[in-house]
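Undergrad: Quick one, structure for this:
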Amino acid sequence: MRDVIDPVKTFNHLLTSWWKIVLIAVLGGLIGLGISYLQPPTYQAEAIFHASIDFTQINYDNMVGEYGDPLVWTQYEEDLALQVVERMLIKQTNNAFQFAKKLDPSLDIDTFRDNRQIERYLAKWYLRYRHPDPEVAQAIVNHWAEVGIQALHDAQSAGEAESFVIADLTQTAPLPGSPVYRNRNILVLAGTFAGLVAGIIAVDFLSRYRQRAPKEV
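TA: As a prediction, this is how the structure comes out:
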């Protein structure tokens, strides 16, 4: 005859054995952390741009919108204008990739894109690239940053980009000194979750085994 599962009893037992489940979950997280160290290390180089709006070039006086309301400069419009830095860097992706191929002939475009990052925080834009060789990562970022900022200034001079955006390359990428490990947080989280599930299953299994053991003697 099969055992009848009592949900309340099972829940109460799991609750009283919470420390065992937590212990196994922590062990799973540590295993995930250990696996992250087994991955090939990469080095991340970073260049920084500063971008701001020259509001003296924006004149909304006597201008009205669709419904006759005075036009105002909103945060959305400012964010949209500052994205010109990202747009110009993305336009130079092929240029940067061709340069990277000279340094690493085995590099393909998908790997190149997976290892790049363009991110904005307040008035700063960050251009990052990861590579197993720190000197290659540094060279790629600095080349990309230089051609990107030049392309932006050329586009502004030609009237093809927002001229009221003031953008400068404020910091070229220094040589990365220590490696970074990708997906570490994901691996730790996955290991912790797997440990949590395993802990619940193990505690429940041991409880049922102990309950059946006297009957089988």
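Undergrad: Now do the buried residues in the longest helix seen in the chain.
TA: Across the chain, the longest stretch assigned as helix under DSSP state H is helix 184-216. Buried residues in helix 184-216, defined by neighbour count with 16 or more other C-beta atoms under 10 Å: 187-188, 190-192, 194-196, 199-200, 203-204. For the C-beta atoms, the positions are set from N, CA and C on the backbone; glycine is no exception.
Undergrad: packing partners for that helix?
TA: When contacts are defined as 3 or more C-beta pairs under 8 Å, 6 or more residues apart in numbering; DSSP states H and E, helix 184-216 packs onto helix 7-16, helix 18-38.
Undergrad: most neighbours per residue, which of those?
TA: Compared across those, helix 18-38 shows the largest average neighbour count, a mean of 16 (mean count of other C-beta atoms under 10 Å).
Undergrad: what angle separates that helix from helix 7-16?
TA: Inter-element angle recorded for helix 18-38 and helix 7-16: 60 degrees (by axes from the mean of the first three to the mean of the last three C-alpha atoms, to 10 degrees).
Undergrad: I'd like to know which elements helix 18-38 is packed against.
TA: Contacts defined by 3+ C-beta pairs under 8 Å, 6+ apart place helix 18-38 against helix 184-216.
Undergrad: so how far is the helix it packs on from its chain's centroid?
TA: Distance, stretch centre to chain centre, for helix 184-216: 32 Å (C-alpha atoms, centre = their mean, to the nearest Å).
Undergrad: just for this structure, where's the confidence low?
TA: Within the chain, the segments meeting pLDDT under 70 span 1-6, 36, 59-73, 181-184, 211-217.
Undergrad: can we see that at 50?
TA: The chain contains residues with pLDDT under 50 at 1-2, 216-217.
Undergrad: care to break it down by domain?
TA: 7-38+183-216, 43-56+68-171 (automatic domain parsing).
Undergrad: between those domains, which one is nearest to Gly177?
TA: domain 43-56+68-171 (7.7 Å; C-beta to C-beta).
Undergrad: ok, back up a step: now the domains of the chain in TSV, with distance to Gly177?
TA: TSV is the format used below for the domains of the chain (distance: least, C-beta to C-beta, whole Å):
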stretch	distance to Gly177
domain 7-38+183-216	18
domain 43-56+68-171	8
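Undergrad: if we can go back for a sec, can I get the buried residues of helix 184-216 in TSV with distance to Gln98?
TA: Shown next, in TSV, are the buried residues of helix 184-216 (distance: C-beta to C-beta, whole Å):
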residue	distance to Gln98
Leu187	33
Val188	37
Ala190	36
Gly191	39
Thr192	42
Ala194	42
Gly195	45
Leu196	47
Gly199	51
Ile200	52
Val203	57
Asp204	58
